[in-house]
Structure formats: C-alpha cells, structure tokens
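**Q** got a sequence here, can you model it:
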Amino acid sequence: MCYPTRMKKTSVYLTESEVAILRRLAEREGKSQATVLREALAAYDEQALPDRDFAFIGSGEGDGRSVADIPEEELMRGFGEQ
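**A** Numbers count the residues shown, from 1 in each chain. Below is the predicted model of the structure:
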C-alpha cells in the first residue's frame, strides 16, 4: 500500500486488549503498528456502504391529506417507538 510522504501524527486511545491485538497483528505481518492501523483504516473506508443520499425519498408519503387536517392522536401514533 502506498502512502503520501507527508503524514500527520495523531494519538489513538485503545483498550489494553486492542493494543495487544494491534501488537500481535503488527508482529505477525512484520509491519509497524502505525502501518497496520493505516491499512485497517483504508480497508474500512473501501467497504461498500449503501448510498444514503436519497434514503428519505418516499418516507413522507401519505394518503393525500394535509397534515393540518389529521388529528393529533393519529399523527402521534407510533412516534418514539422502535
């Protein structure tokens, strides 16, 4: 994997078990811990995530009535439920 020559130093807070995993992966791969983290971040970023730009389309469809004409009890039905 190729990285730009200019990198910015950062700090990452990890649990003891996460540090142990990072050390183990770095040793097994013969890479630095920083390289393992960069590669993991790049792999995570490359994962195909669903396109959510238009996820709201259709979410506001109704029966054609104006919200002003719908009783409040009907509007609130199911609100806050999961």
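**Q** give me the number of residues near Val36?
**A** 19 (other Cβ atoms under 10 Å). In short, each C-beta sits where N, CA and C put it, glycine included.
**Q** and for this structure, the residue most distant from the center?
**A** For the chain, the largest distance from the centre (Cα atoms, centre = their mean) belongs to Asp69, which lies 39.0 Å off.
**Q** got the phi/psi numbers for that one?
**A** Main-chain torsions, Asp69, degrees, to the nearest 10: phi -90, psi -10.
**Q** contacts for the helix or strand harbouring Glu73, please.
**A** Element membership for Glu73 (DSSP states H and E) is helix 72-76. For helix 72-76, contacts defined as Cβ atoms under 8 Å, 6 or more residues apart in numbering pick out Val67.
**Q** and that helix, how far out from the chain middle?
**A** 33 Å (Cα atoms, centre = their mean, to the nearest Å).
**Q** before we move on, what about stretch 20-40?
**A** For stretch 20-40, the distance to the chain centre is 22 Å (Cα atoms, centre = their mean).
**Q** quick one: average confidence on that stretch?
**A** For stretch 20-40, the mean pLDDT works out to 97.
**Q** mind checking the end-to-end distance for it?
**A** 15 Å (Cα to Cα, to the nearest Å).
**Q** and that stretch, what's buried?
**A** Applying a neighbour-count criterion of 16 or more other Cβ atoms under 10 Å, one finds Leu22, Leu25, Ala26, Val36, Leu37 buried in stretch 20-40.
**Q** I am finished for the moment; much appreciated.
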